[in-house]
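Student: no sequence for this one, just the structure:
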């Protein structure tokens, strides 16, 4: 019957290749990505008084509290001449981007089942738009960081000796890594929560635990010195590597080596691809299981 | 043939698991995976009942669709008819790629856009214009396409004045208009539509049906259309398929399919009342609703005649004075009309007799009706009063007023005489 040379545009069937990711299709829907980002940004702070100011407030207060508790009270050293507030702000800023990407994408399917059940578009657009939206937030928080950075570098008394290292030119790569890592993990989690809701509960406190294991409010070197037996947990956590590298690039303190960065890149790519595959598999039939 | 087949579905089946996902799900998943890695077929695919809601099945799995195959030609408007739960929505979901079939495949030569709901993705905080763009891109248009049609869309919706106001301030009718306006300007090769016409007021419904005709007629677009509105199916579609319990029961022209569907309804439910063993000397023994072929029936096309067959037992004493009345009431209990006879005008002996009353066709507006049958001596004795003893349904199959379907435009359609003076 189908011996005729029929050229079908596409086929909908049960069979699916392991990696059937259609980049061209995603590209065709780029306008949708843009509009989702726009929607996310303009609707979040509708009918709030402070609006986007919330982007500033959250990292600022967290840093102040971290400084009070971990540095002033528990006297964790943050490196010579580096103000602990700036140290914490650097950690929080980079951690926040990863965290927002992870939590924002981890309930993609549950959040969007209304739309997903009614119309088809490449589902991956939604988590992608979350990551891009968060990039704006990250940009604003980075501005805050730069503001305090300038203050501490030039106007504080005594002037601190923070100085960016040459490696700062790789900062964009670092940002991409954070985003991809969050996206990859988020996609894996969102795919699994369609069937097993338990994971949703896990994410909330899992992320919190992960923060303590990612050298956000302490330097890796100090952790290694104090708890050498379990320091590998923190050391091989890709987020630790990214955060330490971020502080190395901007403040000049931190554990930084090309090898470790390469390791983080590999882990990120593996997680991202894994996420993509699982996400892709899920998007085809999740509407029946959610 | 000549025409090119643009969409081909081959043996589409879809299985659903019933019950609560919880204990046992992981077990089934693992079992499935274990079969899969050994290269065996999914063990749960063999089980499964056909999808009949009313009877209790033996399996946790049901087939919402089973071996559905059909071809759609370029420019064809295919109607999909079926009762609730026949698998129409599942089929649409598969066609629009929201979910995948369990087995089988669909091949297509064109871009499919689906309209299972109007206003998907509308955000209440965003303005009308922003939502046009958002909704349009969700449905698969590009920003450029929308930009070029923006004026048309806004005019069609009739919401120009509110276009820069957040949609949460809109009335629900306005939201629907705006949403339909976007959908109506979609430009895919194949358009899949669920019953979205059942929204808005009469004026807007007219506009919507007109637009649908324009899309399918002059533009030569291929359309797949699901509806309960038989009139819409008849006017819009060229071909239709009838689904029942997830299987294709009929394929053919729209008119034939509608007839088949209505007839199919007949066998599933006929209205009948019986009390043959009555011990009274005079009584109503049975009442049944019949079609013109004398078969039990409860659904009639607008242009078909419904019949009531009434069997009575009458005694010598009652024969000269008794009256048999039939009163038809609508679903709101409004009496529509009463028709009655004196038995003595028809029969001259006591005993058991049957009567047939034929209701005129093209008179009762498509709706649900019930009939009271009363056997009595006027103002004197009530021999038997059967309230709402049988019910029947007039189906919209293309009355002149079908464009107002869903609205209350009266209980009867009368052939009034109009003159220009």
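Tutor: Received it, and whenever you're ready, just let me know what you need. What you see is a predicted model, and the numbers here were worked out from it, not measured in a lab.

Student: Would you map the helices across the stretch 51-200 of chain A?
Tutor: A:54-66, A:84-105, A:108-111, A:113-116, A:125-150, A:171-193, A:198-212 (DSSP state H, counting those that start in this stretch).

Student: Tell me which of the ones you listed is the most buried.
Tutor: Highest mean neighbour count among the helices of the stretch 51-200 of chain A (mean count of other Cβ atoms under 10 Å in any protein chain shown): helix A:84-105, with a mean of 25. (Glycine included, C-beta is placed from N, CA and C.)

Student: Output the below-cut-off pLDDT ranges for the stretch 1-150 of chain A.
Tutor: Within the stretch 1-150 of chain A, the segments meeting pLDDT under 70 span A:1-7, A:9, A:14-21, A:47.

Student: for residue 119, what are its contacts?
Tutor: I'll assume chain A. B:96, B:98, B:114, B:116, B:117, B:120, B:121, B:138, B:139 (Cβ atoms under 8 Å, 6 or more residues apart in numbering or on different chains).

Student: meant chain B, my bad for not saying
Tutor: Listed by Cβ under 8 Å, 6+ apart, the contact partners of residue B:119 are B:135, B:175, B:176, B:178, B:179.

Student: So for residue B:238, what's the nearest residue that isn't a sequence neighbour?
Tutor: Leaving aside its sequence neighbours, residue B:238 sits nearest to residue B:77 (Cβ to Cβ, 6 or more residues apart in numbering or on different chains; 5.1 Å).

Student: now residue B:145
Tutor: Closest residue to residue B:145 apart from its sequence neighbours, by Cβ to Cβ, 6+ apart: residue B:187 at 6.9 Å.

Student: Also residue A:133?
Tutor: Nearest to residue A:133 is residue A:40, by Cβ to Cβ, 6+ apart, at 4.2 Å.

Student: What number of residues are in the vicinity of that neighbour?
Tutor: The number of residues packed near residue A:40 is 19, by other Cβ atoms under 10 Å in any protein chain shown.

Student: Wait, a strand at it?
Tutor: No - according to DSSP: H, G, I helix; E, B strand; the rest coil, residue A:40 belongs to no strand; its state is helix.

Student: picking that back up, now rank the contacts of residue B:119 by neighbours and give me the top one.
Tutor: Neighbour counts for the contacts of residue B:119, by other Cβ under 10 Å, peak at residue B:178, which reaches 28 neighbours.

Student: List the residues that contact the nearest residue to that one once chain neighbours are set aside.
Tutor: Leaving aside its sequence neighbours, residue B:178 sits nearest to residue B:157 (Cβ to Cβ, 6+ apart; 4.5 Å). By Cβ under 8 Å, 6+ apart, the contact set of residue B:157 is B:128, B:174, B:177, B:178, B:180, B:181.

Student: Out of these, give me the two with the largest separation.
Tutor: Farthest pair in the contacts of residue B:157 (Cβ to Cβ) is B:128 and B:180. Separation: 13.1 Å.

Student: so how far is chain A from the residue nearest to residue B:178?
Tutor: Counting by Cβ to the nearest Cβ, to the nearest Å, the separation of residue B:157 from chain A is 19 Å.

Student: Quick check: beta-bridge partners of the residue in the stretch 1-150 of chain A that chain B sits nearest to?
Tutor: Using Cβ to the nearest Cβ, the single residue of the stretch 1-150 of chain A nearest to chain B is residue A:13, 3.4 Å away. Counting by DSSP bridges, residue A:13 is bridged to residue B:105.

Student: just checking, it touches residue B:105?
Tutor: Yes - applying Cβ atoms under 8 Å as the test, residue A:13 and residue B:105 come out as touching, 3.4 Å apart.

Student: Residue 223: neighbouring residues, count only.
Tutor: Using chain A here. 19.

Student: wrong chain, I was asking about chain B
Tutor: 22.

Student: got it, and residue B:274?
Tutor: If you count neighbours by other Cβ under 10 Å, residue B:274 ends up with 11.

Student: In contact with it, which residues?
Tutor: When contacts are counted by Cβ under 8 Å, 6+ apart, residue B:274 touches B:285, B:286.

Student: partners of it in the sheet?
Tutor: residue B:286.

Student: Now do it, the pLDDT please.
Tutor: At residue B:274, the model reports a pLDDT of 81.

Student: now swap in the one 5 residues further on and tell me
Tutor: For residue B:279, the model assigns a pLDDT of 82.

Student: Now do the same for it: helix, strand or coil?
Tutor: Residue B:279 - assigned by three-state DSSP - is coil.

Student: returning to what we had before: tell me if I'm right that the residue nearest to residue B:145 and residue B:139 touch.
Tutor: No - applying Cβ under 8 Å as the test, residue B:187 and residue B:139 come out as separate, 10.1 Å apart.

Student: who has more neighbours, these two?
Tutor: residue B:139 (23 against 14).

Student: mind giving me the domain split of chain B?
Tutor: The record assigns chain B these domain ranges, following automatic domain parsing: B:5-111+B:188-264, B:269-404.

Student: Which stretch among these is buried most, on average?
Tutor: It is domain B:5-111+B:188-264: most buried of these by mean count of other Cβ under 10 Å, with a mean of 18.

Student: That one: how far from the chain's middle?
Tutor: Mean-position distance between domain B:5-111+B:188-264 and its chain equals 14 Å (Cα atoms, centre = their mean, to the nearest Å).

Student: what about that domain, average pLDDT?
Tutor: 76.

Student: Tell me how far residue B:211 lies from residue B:178.
Tutor: Per Cβ to Cβ, to the nearest Å, residue B:211 is found 14 Å from residue B:178.

Student: mind listing the helices for the stretch 251-400 of chain B?
Tutor: Under DSSP H, counting those that start in this stretch, the stretch 251-400 of chain B gives helices at B:254-268.

Student: next one: the stretch 51-200 of chain B
Tutor: According to DSSP H, counting those that start in this stretch, the stretch 51-200 of chain B carries its helices in the segments B:88-95, B:128-138, B:143-157, B:172-184.

Student: got the ones you listed as a markdown table, with distance to residue B:291 columns?
Tutor: What follows is the helices of the stretch 51-200 of chain B, written out as a markdown table (distance: least, Cβ to Cβ, whole Å):
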| stretch | distance to residue B:291 |
| --- | --- |
| helix B:88-95 | 26 |
| helix B:128-138 | 45 |
| helix B:143-157 | 42 |
| helix B:172-184 | 37 |
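
Student: wait, what's in contact with the residue nearest to residue B:361 when sequence neighbours are not counted?
Tutor: Once flanking residues are discounted, residue B:361 sits nearest to residue B:305: 4.6 Å by Cβ to Cβ, 6+ apart. Residue B:305 makes contact with B:291, B:292, B:358, B:359, B:360, B:361, according to Cβ under 8 Å, 6+ apart.

Student: Next, the last one: phi, psi?
Tutor: Backbone dihedrals for residue B:361, given as degrees, to the nearest 10, come out at phi -80, psi 170.

Student: List the contacts of residue B:69.
Tutor: Listed by Cβ under 8 Å, 6+ apart, the contact set of residue B:69 reads B:9, B:10, B:11, B:12, B:104, B:248.

Student: Check residue B:195 too.
Tutor: Taking Cβ under 8 Å, 6+ apart, we find residue B:195 in contact with B:226, B:227, B:228, B:229.

Student: from the stretch 101-250 of chain B, which residue is nearest to chain A?
Tutor: Closest contact between the stretch 101-250 of chain B and chain A, by Cβ to the nearest Cβ, is at residue B:105 (3.4 Å).
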